[in-house]
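1. No letters, just coordinates:
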């Protein structure tokens, strides 16, 4: 058996390749950002060719730095930004249009129309999702309707759809020279097109969006002992490596946090925030504004499902302070600036830049900063920005507790913002429960590596993976109940101010 397992993590702002050993320890990595294309308000795009170039770059660099070859890797897993939609030509390998990112809101009229005529209820029942701009189905429809030649190409089998996992996998396995058109159940469950119970594309749902079935990838388990395929010898690995696993980024983080038992939950802090609560083999329908999704499927075992609270803008709100407002030079300065004041000074910031996701699902909402007085400074806004990340997480934790009947006694956290000690202390204060960060904070890539390693028996069981999980730090609540209740009341009041800002036909 080879010594290591690799993971390609194709994210919203960057792509990285990470290498792990048998103890789940990081051995090497390389990471490169890609351009955020913003053609107009509400539109967010990526260049799929740039993403593929970055994928090749991070693999070759990480491998060369560690002086590794393809034979050193037992397998490679893929994890990716979910819902981000790529449509490309199978013969040329060229995208018909830029990737439409999960944050993009151009499909608001498509989503609104689904709810007006009752199709939305069918989508909720079959796919577990509310009709929203977030998911892939509307984005595919928009490309079919607005990009010349795509519908004809889709109907004759030349146009292929995939989230970025399928795009990367197709290129790794040969691209236009026989590349495999495959996705996994977790990514398929983010399209509004897959039936949660059959784990297959649903003809009725496809009809709602007028999407030809032949443009969709084959759906496979998240971890497949039969393998998806092998990398091409002339690709970035410079040899053949097994590709047996793929998971959407939040499901991968759930695996990386070893949340394998019913009731276990994790919260990932990235561009957005995503809380997943394991509900086992049961499809639990949310009544509190969460979505039902596939958590993972390992080989021929029954699928495991989850309730998810998806938040559009958290880490990207800190980026906004840096890039648009210029009040900080780098993300880490947000903590220093926020610590310079004792509280938020009455300021609440709701970063509804792409509308509100869970548990509100209000595409007509837009961002608002409320409670301002002349007393307030940039430091208060920085503190309110960090608090907004934590309050949005409290919203989805409250919803998860209503749906599951399970009260959290601890929240496992991962992702970039967990390096911000002030933000994590705020999270414990606002939730009223301890917050725990693992030694390996980048659990998204680790989860993809775990899924790949399980498929090829690099690891033999999930119990073996549990033994590798270790806590790095824990934050305990310092606020009293009165502070917590007053702060949350004002947050809810601020959220109300954002709703109904846009008029959607």
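-> Cool, the structure landed. Note that the coordinates shown come from a computational prediction; the quantities given were computed from them, not determined experimentally. Numbers count the residues shown, from 1 in each chain.
2. From here on, just use CA atoms for contacts and neighbour counts.
-> Will do.
3. what ranges of the chain fall below the confidence cut-off?
-> 504-505 (pLDDT under 70).
4. switch to 50 and redo it
-> Along the chain, no part satisfies pLDDT under 50.
5. biggest helix in it by residues?
-> The residue-count maximum for a helix in the chain (DSSP state H) belongs to helix 378-404.
6. So which bits of that helix are buried?
-> 379-400, 403-404 (16 or more other Cα atoms under 10 Å).
7. And stretch 491-501, by the same measure?
-> By 16+ other Cα under 10 Å, the buried positions in stretch 491-501 come out as 491, 494, 495, 497, 498, 499.
8. So which of these sit within helices?
-> Short answer: the buried residues of stretch 491-501 in helices (DSSP H) are 491, 494, 495, 497, 498.
9. Tell me where the stretch 251-400 of the chain has helices.
-> Counting by DSSP state H, counting those that start in this stretch, the stretch 251-400 of the chain has helices at residues 315-320, 333-339, 378-404.
10. Over to the stretch 51-200 of the chain?
-> 108-116, 119-127, 136-146, 150-155, 164-172, 185-188.
11. These: which one's closest to residue 38?
-> For the helices of the stretch 51-200 of the chain, proximity to residue 38 was assessed by Cα to Cα; helix 136-146 is nearest, at 15.7 Å.
12. The closest one to helix 108-116, inter-axis angle?
-> Following axes from the mean of the first three to the mean of the last three Cα atoms, to 10 degrees, one obtains 120 degrees for the angle between helix 136-146 and helix 108-116.
13. Just give me how far helix 136-146 sits from the chain centre.
-> With Cα atoms, centre = their mean, to the nearest Å as the basis, helix 136-146 stands 20 Å off its chain's centre.
14. What of stretch 467-480?
-> The answer for stretch 467-480 is 23 Å, by Cα atoms, centre = their mean.
15. What are the buried residues along it?
-> Buried residues in stretch 467-480, counted by 16+ other Cα under 10 Å: 468, 469, 474, 475, 476, 477, 479.
16. Now distance to residue 362 and secondary structure too, for these, in a markdown table please.
-> Putting the buried residues of stretch 467-480 into a markdown table (distance: Cα to Cα, whole Å; DSSP: H, G, I helix; E, B strand; the rest coil) gives the following:
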| residue | distance to residue 362 | secondary structure |
| --- | --- | --- |
| 468 | 40 | coil |
| 469 | 37 | coil |
| 474 | 34 | strand |
| 475 | 32 | strand |
| 476 | 32 | coil |
| 477 | 31 | coil |
| 479 | 30 | coil |
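17. so which of those would you say is closest to residue 279?
-> Out of these, the member with the shortest distance to residue 279 (by Cα to Cα) is residue 469, at 20.7 Å.
18. Based on its surroundings, how many neighbours for the closest residue to residue 151 other than its chain neighbours?
-> Once flanking residues are discounted, residue 151 sits nearest to residue 144: 5.1 Å by Cα to Cα, 6 or more residues apart in numbering. Neighbours of residue 144 under the rule other Cα atoms under 10 Å: 23.
19. Could you double-check that residue 144 sits in contact with residue 150?
-> Yes - between residue 144 and residue 150 there is a contact under Cα atoms under 8 Å: 5.5 Å.
20. tell me the SS of the nearest residue to residue 55 once chain neighbours are set aside?
-> The shortest distance from residue 55 to any non-neighbouring residue, by Cα to Cα, 6+ apart, is to residue 15 (6.2 Å). Secondary structure, DSSP: H, G, I helix; E, B strand; the rest coil: residue 15 is strand.
21. Report the contact partners of residue 15.
-> 8, 9, 31, 32, 33, 34, 51, 54, 55, 58 (Cα atoms under 8 Å, 6 or more residues apart in numbering).
22. so what's the residue lying closest to residue 392 once chain neighbours are set aside bridging to?
-> In space, and not counting its chain neighbours, residue 392 is closest to residue 311: 7.1 Å by Cα to Cα, 6+ apart. Bridge pairing for residue 311 (DSSP bridges) gives the partners residue 273.
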